[in-house]
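*Asks:* Here's a sequence, model it:
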Amino acid sequence: MSPLTETVLFVFSLVALGYCAGLTGYLKPGSGEGIAEFAVSVAMPLLLFQTMVKSDFHGVAPWSLWFAYFSAVALTWAVGHFVTTRIFGRDARAGVVGGVSSSYSNVVLLGAPFILGIFGPSGFEVLSLLVSVHLPIMMMASIVLFEMFGRGDEPMHPLRVVRSFLRRLFVNPLIIGILAGLAWRMTGAPLPALAGRLVDALADTAGPVALFAMGLSLRRFGISGNVRPALALSALKLLLMPALVLGLVWLLGLPPLTAKVAVVVAALPSGINSYLIAVQFNTGQALASNQMTIATACAAATSAFWLMIVGMVFG
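*Replies:* Below you'll find the predicted structure:
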């Protein structure tokens, strides 16, 4: 078995173990929320803090990377909205859920350990550049569309959109971890030995804990109807979006590692945020949860496919 295949199987096996722990009742359903909260609020922010402090981002072209990735996000989101509303006849609010489900990659719970396992610390540095803007951009787009489609005839007030966005942004633990790491980096001071050990110890748990928590979450949401639209949106997420990113990073001539990470991140399945947005809209909850579960189940095969493709294209 090649190291690449073994890493892919290892990552999705941890997700499967979490799913089985919930399926068999070995862990209570509420355990998944607690474990995921630890991963997202403690371990992942410290991993991002560690990366910001220690990493060398020389040679990475963030503007080209961001342009390529988020152009693909916008195009895939638009197609997902069209498919949900025009092909499956759902309303505009459900169309927003369809759009976000087809374009919102699971960059934290699945992406961080996956990229670390495949590309190592250098690949995670590239991922960190995406994470640093992924959350704000996707959050802002979701809030604006929620204000447009989620409140009926009530007019959208720009100040309310801005306040909601800033409030959610600056209390997000991942953003806090990134900003704190950049602030410490600017001081030029090394981390104290004890603080460094604490950060390293907790950051090292981020990957396995996040993957296990994701498996538990999938068991909690399950599949309950809306299979055909969920399959269509999963195909957009796992096939269309990475294909768009692949074409854009190739046209822009991004460095090989940067290009590979961008495509692989685009090929990740949707995360829990798409479901949370559906809950916020009070529409499309089953569609979002089904799509997340189906896409994650299929991603073990599609991720291996895209890893093979980027290896052939970028070396």
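
*Asks:* which residues does V261 contact?
*Replies:* 115, 119, 123, 126-127, 130 (CB atoms under 8 Å, 6 or more residues apart in numbering). Placement of C-beta: from N, CA and C, glycine included.

*Asks:* redo that, cut-off 7 Å
*Replies:* Shown in contact with V261 (CB atoms under 7 Å, 6 or more residues apart in numbering): 115, 119, 123, 126-127.

*Asks:* And P62, by the same measure?
*Replies:* Contacts of P62 (CB under 7 Å, 6+ apart): L129.

*Asks:* mind running it again at 10 Å?
*Replies:* 126, 129-130, 132-133, 258 (CB atoms under 10 Å, 6 or more residues apart in numbering).

*Asks:* For L254, see how far away it is.
*Replies:* To L254, P62 is 10 Å away according to CB to CB, to the nearest Å.

*Asks:* anything in contact with each of these two?
*Replies:* Contacts common to P62 and L254, judged by CB under 10 Å, 6+ apart, are V126.

*Asks:* S217 contacts V40, correct?
*Replies:* No: assessed by CB atoms under 10 Å, S217 is found out of contact with V40, at 11.1 Å.

*Asks:* So between the two, which is more surrounded?
*Replies:* Neighbour count, other CB atoms under 10 Å: between S217 and V40, S217 has more, with 26 against 20.

*Asks:* For that one, give me its contacts.
*Replies:* 15, 18-19, 22, 29, 32-33, 35-36, 109, 271-272, 275, 289, 292-293, 296.

*Asks:* what comes up buried for the longest helix along the chain?
*Replies:* Counting residues, the longest helix in the chain under DSSP state H turns out to be helix 111-149. Buried residues in helix 111-149, counted by 16 or more other CB atoms under 10 Å: 111-119, 122-132, 134-136, 138-147, 149.

*Asks:* Mark which of the contacts of S217 are buried, thanks.
*Replies:* 15, 18-19, 22, 32, 35-36, 109, 271-272, 275, 289, 292-293, 296.

*Asks:* Which of those residues sits closest to T51?
*Replies:* Closest to T51 out of the buried ones among the contacts of S217 is L109 (16.5 Å), distances taken as CB to CB.

*Asks:* surely the closest one meets A213?
*Replies:* Yes: proximity of L109 to A213 meets the contact threshold set by CB under 10 Å, at 6.4 Å.

*Asks:* Overlap in contacts, the two.
*Replies:* Joint contacts of L109 and A213 (CB under 10 Å, 6+ apart) are 15, 36, 39-40, 272.

*Asks:* Pipe those residues into JSON lines and attach pLDDT per row.
*Replies:* JSON lines is the format used below for the shared contacts of L109 and A213 (pLDDT from 0 to 100):
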{"residue": "V15", "pLDDT": "82"}
{"residue": "A36", "pLDDT": "77"}
{"residue": "A39", "pLDDT": "81"}
{"residue": "V40", "pLDDT": "78"}
{"residue": "I272", "pLDDT": "73"}
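
*Asks:* Could you dump those residues into TSV with secondary structure added?
*Replies:* TSV is the format used below for the shared contacts of L109 and A213 (DSSP: H, G, I helix; E, B strand; the rest coil):
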residue	secondary structure
V15	helix
A36	helix
A39	helix
V40	helix
I272	helix
